[in-house]
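Colleague: Using only what follows, build the 3D model:
(one chain, ligands or ions: 3)
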Amino acid sequence: MNPIEEILNKETFSKEDLVALLSADEKESVKIFEKAKAIKKEQVGKKVYFRGLIEYSNYCSKNCFYCGIRAGNSRYVRYELTDEEVFEAVKYAYENDFASIVIQSGERSDRKFTDKIEFLLKEIKRMTEGKLHVTLSLGEQSVETYRRWYEAGAHRYLLRIEVSNPELYKKLHPADKHHRYEDRLEALRRLRAAGYQVGTGVMIGLPFQTISDLADDLIFFRDFDIDMAGMGPYIEHEDTPLYKFRHELLPLRGRFFLSLKMVALLRIMMKDINIAATTAMQSIDPAGREKALMVGANVMMPNLTPVKYRQNYLLYENKPCIDEEAEECKSCLEARIHLAGDEVGYGEWGDSRHFGKRNEI
Ligand code: 5AD
Ligand code: SF4
Ligand code: FES
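Modeller: Ligands and ions are numbered 1, 2, ... in the order given. Here you go, the predicted structure:
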């Protein structure tokens with residue numbers, strides 16, 4: 001048995017094991033991918049769940065150094081969907097049996113915004129007789145806001161920790177009170193306490209990030225006992241401060257390959273959580289999302305944002321699905337899922353089995 005196979009046979013991976021696995025070359029990694037594929041087949045099956053993605057607004061009060069829609073970037077026209085546009089997208093998701101949507105936006109915590117989200121949640125529940133599940137991805141908020149939104153009908157929340165190393169976090173964000181690692185961690189704890197299924201994730205291939213950091217990210221997910229994950233390669237954006245470090249990055253292919261390994265290893269480590277095949281994977285490799293499905297992912301997010309806004313929600317360069325209407329994106333993703341040998345779990349909420357189990361105890 002070669003060293004990679006030996007590690008893969010272990011019950012739990014140590015930090016050193018993860019560093020070795022993440023360092024495996026393309027040939028050795030085949031074993032990792034095979035194992036992840038087998039675990040997915042056995043534990044989560046062939047069903048891939050759709051989460052219709054509504055990019056509600058690109059107003060953001062923050063200034064993360066990596067992100068294209070940071071407050072400091074004046075190149076984008078700022079928008080917010082009208083209520084009708086949100087309901088239109090909701091109707092599309094509901095009528096097409098998506099069973100679940102994600103409302104994502106730049107981060108804002110003013111009362112006007114938090115009230116609006118609460119109103120939209122209640123309307124969505126009413127319109128769909130409580131049948132459409134809603135996941136929120138709206139950043140760090142107060143305990144009260146998280147509770148209000150939960151009571152209004154949102155039961156899942158995605159908040160990426162971005163990087164689990166506090167020192168690295170500092171290098172990627174302004175040094176002010178709006179960008180504190182501790183606050184982000186606290187927000188994850190608040191979400192858990194409020195009853196949400198909690199999803200988090202990281203970017204892969206960032207400047208200054210090491211393999212050891214990525215191993216720690218995987219351990220962070222395990223220790224936090226997350227229900228869902230969304231991870232993808234970091235992709236530079238011209239209008240951001242990190243762009244000047246573009247020459248120090250791994251080549252795009254390398255970042256993609258590392259991202260695939262992160263997905264596969266997380267599937268091996270956390271067998272029954274939901275893992276997204278993220279859009280950023282596809283911006284590097286045209287078959288990126290299928291590849292992620294083949295090594296363990298089981299969630300896809302077809303874009304339902306009205307096409308006229310999409311040019312203004314570019315967090316990174318080369319983002320796919322900019323001109324495709326909801327219908328095209330849905331058929332396209334459906335085809336991709338079939339190519340990966342899976343099928344769409346239409347009409348099923350596709351809750352994280354992991355969450356279900358934890359709450360039975
Ligand atoms: N490359 C890849 N992912 C990015 N995100 C933000 N900027 C980038 C980038 N340049 C991710 C962050 C954020 C999510 C919505 O998008 O992880 O949480
Ligand atoms: Fe705002 Fe999120 Fe982008 Fe940071 S990553 S600037 S919080 S949209
Ligand atoms: Fe969106 Fe193909 S994945 S159009």
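Colleague: so is residue 308 in a helix, a strand, or just coil?
Modeller: Secondary structure, DSSP: H, G, I helix; E, B strand; the rest coil: residue 308 is helix.
Colleague: Quick one: residues contacting the residue of the stretch 201-350 of the chain found nearest ligand 1.
Modeller: Scanning the stretch 201-350 of the chain for proximity to ligand 1 using Cβ to the nearest ligand atom identifies residue 316 as nearest, at 3.5 Å. C-beta coordinates here come from the backbone N, C-alpha and C atoms, glycine included. Going by Cβ atoms under 8 Å, 6 or more residues apart in numbering, residue 316 touches 66-68, 234-237, 280, 283.
Colleague: And these, which is closest to residue 145?
Modeller: Set against residue 145, the nearest of these by Cβ to Cβ is residue 67 (21.6 Å).
Colleague: Excluding chain neighbours, what is closest to the closest one?
Modeller: Excluding the flanking residues, the one nearest residue 67 by Cβ to Cβ, 6 or more residues apart in numbering is residue 315, at 5.2 Å.
Colleague: ok, the one you found to ligand 3 distance?
Modeller: Remark: distance between residue 315 and ligand 3 (Cβ to the nearest ligand atom, to the nearest Å) = 16 Å.
Colleague: pLDDT value on that residue, please?
Modeller: Looking at residue 315, its pLDDT reads 92.
Colleague: Kindly report the same for residue 355.
Modeller: 85.
Colleague: show me what contacts it?
Modeller: 197, 227.
Colleague: just residue 155 next, same as before
Modeller: Listed by Cβ under 8 Å, 6+ apart, the contact partners of residue 155 are 133-135, 195-197.
Colleague: Distance to ligand 3 and neighbour count for those residues - can I get that in a markdown table?
Modeller: Listed next are these as a markdown table, based on distance: Cβ to the nearest ligand atom, whole Å; neighbours: other Cβ atoms under 10 Å:
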| residue | distance to ligand 3 | neighbour count |
| --- | --- | --- |
| 133 | 21 | 25 |
| 134 | 21 | 25 |
| 135 | 19 | 23 |
| 195 | 32 | 14 |
| 196 | 27 | 24 |
| 197 | 25 | 24 |
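Colleague: just those that are near ligand 2?
Modeller: Of the residues in the contacts of residue 155, proximity to ligand 2 by Cβ under 6 Å from any ligand atom holds for none.
Colleague: Enumerate the residues of this structure near ligand 3.
Modeller: By Cβ under 6 Å from any ligand atom, the residues of the chain that approach ligand 3 are 320-321, 324, 328-329, 332-333.
Colleague: What subset of these is buried?
Modeller: Neighbour-count burial (16 or more other Cβ atoms under 10 Å) applied to these gives 320-321, 324, 329, 333.
Colleague: Tell me the one of those nearest residue 83?
Modeller: Distances from residue 83 to those, taken by Cβ to Cβ, are shortest for residue 329, at 22.3 Å.
Colleague: wouldn't that closest one be in contact with residue 300 here?
Modeller: No: using Cβ atoms under 8 Å as the test, residue 329 is too far from residue 300 to be in contact (9.9 Å).
Colleague: residues in the stretch 1-150 of the chain within reach of ligand 1, list them.
Modeller: Residues of the stretch 1-150 of the chain lying near ligand 1 by Cβ under 6 Å from any ligand atom: 66-67.
Colleague: Neighbours of whichever residue of the stretch 1-150 of the chain sits closest to ligand 1, how many?
Modeller: Of all residues in the stretch 1-150 of the chain, residue 67 sits closest to ligand 1, at 3.8 Å by Cβ to the nearest ligand atom. Residue 67: 24 surrounding residues under other Cβ atoms under 10 Å.
Colleague: what's the answer for the one 3 residues further on, then?
Modeller: In terms of burial, residue 70 registers 21 neighbours under the definition other Cβ under 10 Å.
Colleague: so what pLDDT did it get?
Modeller: pLDDT recorded at residue 70 is 97.
Colleague: can you check residue 360 too?
Modeller: According to the prediction, residue 360 has pLDDT 70.
Colleague: Check the spacing between the residue of the stretch 1-150 of the chain closest to ligand 1 and residue 176 real quick.
Modeller: Applying Cβ to Cβ, to the nearest Å, the value for residue 67 to residue 176 is 16 Å.
Colleague: what's the answer for residue 128, then?
Modeller: Counting by Cβ to Cβ, the gap between residue 128 and residue 176 amounts to 40 Å.
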